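> Quick one: sequence plus predicted model below, questions after.
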Amino acid sequence: MQTLLPEGWAKPIGYANGIAVDGGRLVFVAGQVGWDAQQRFRSEEIVPQFDQALANVVAVLAQAGGRPEHVVRMTAYCCDKPAYMAARRELGAVWRKHMGSHYPAMSMIFVVDLLDSPGKIELEATAVIPHGSK
């Protein structure tokens, strides 16, 4: 896996501009919201929902034998931009808890609403598990 940073570009903070992968098993993780395994929201706040949504992404990935560092792309959909902006430091701590210092290619999209209420954030991911990974 190679993180792509064109010459002369400033290093992005909290994401990669691109990731190149030579081969492996592709895993596509559907949008995960901040509910538990029984599809219950434990909080209406963005930080706990992000924590649970990211844990859900990692759990689905683990079912395929993958780890957080195998994520090559993540898209976040958020319907509360002010809450997101106010919680960026806390959200960064949650990211490091689940993903360490691995930052895939990412997009953040602010939307009017999510299907699952009272969801504030939804994460979808693509991973490439290298051949022979355990």
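Good, I have the coordinates. Residues are numbered from 1 along each chain as shown.

> What residues are bridge-paired with residue 107?
residue 75 (DSSP bridges).

> how about the helices in the chain?
Along the chain, counting by DSSP state H, helices occupy 46-63, 81-86, 88-99.

> distance of the nearest residue to residue 56 once chain neighbours are set aside from residue 47?
Closest residue in space to residue 56, ignoring its immediate chain neighbours: residue 32 at 3.9 Å, by C-beta to C-beta, 6 or more residues apart in numbering. Placement of C-beta: from N, CA and C, glycine included. As defined by C-beta to C-beta, to the nearest Å, residue 32 lies at a distance of 16 Å from residue 47.

> Check residue 111 too.
Counting by C-beta to C-beta, the gap from residue 111 to residue 47 is 19 Å.

> Would you mind telling me which of those two has the busier surroundings?
Neighbours were tallied for residue 111 and for residue 47 using other C-beta atoms under 10 Å; the higher tally belongs to residue 47 (20 against 12).

> That one - nearest residue in space that isn't next to it in sequence?
Closest to residue 47 by C-beta to C-beta, 6+ apart is residue 90, at 4.8 Å.

> Likewise for residue 72?
In this structure, residue 72 finds its nearest non-sequential neighbour in residue 19, 4.4 Å apart by C-beta to C-beta, 6+ apart.

> do residue 41 as well
For residue 41, the closest residue by C-beta to C-beta, 6+ apart turns out to be residue 35, at 5.0 Å.

> How far does stretch 87-102 sit from its chain's centre?
10 Å (C-alpha atoms, centre = their mean, to the nearest Å).

> tell me which residues of that stretch are tucked away?
Residues 87, 91, 94, 95, 98, 99, 102 are the ones in stretch 87-102 that count as buried (16 or more other C-beta atoms under 10 Å).

> And stretch 47-61, by the same measure?
47-58, 60-61.

> With stretch 72-81 instead?
72, 73, 74, 76, 77, 78, 79, 80.

> could these go into JSON lines alongside pLDDT?
Converted to JSON lines, those look like this (pLDDT from 0 to 100):
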{"residue": "72", "pLDDT": "96"}
{"residue": "73", "pLDDT": "96"}
{"residue": "74", "pLDDT": "97"}
{"residue": "76", "pLDDT": "98"}
{"residue": "77", "pLDDT": "98"}
{"residue": "78", "pLDDT": "98"}
{"residue": "79", "pLDDT": "97"}
{"residue": "80", "pLDDT": "96"}
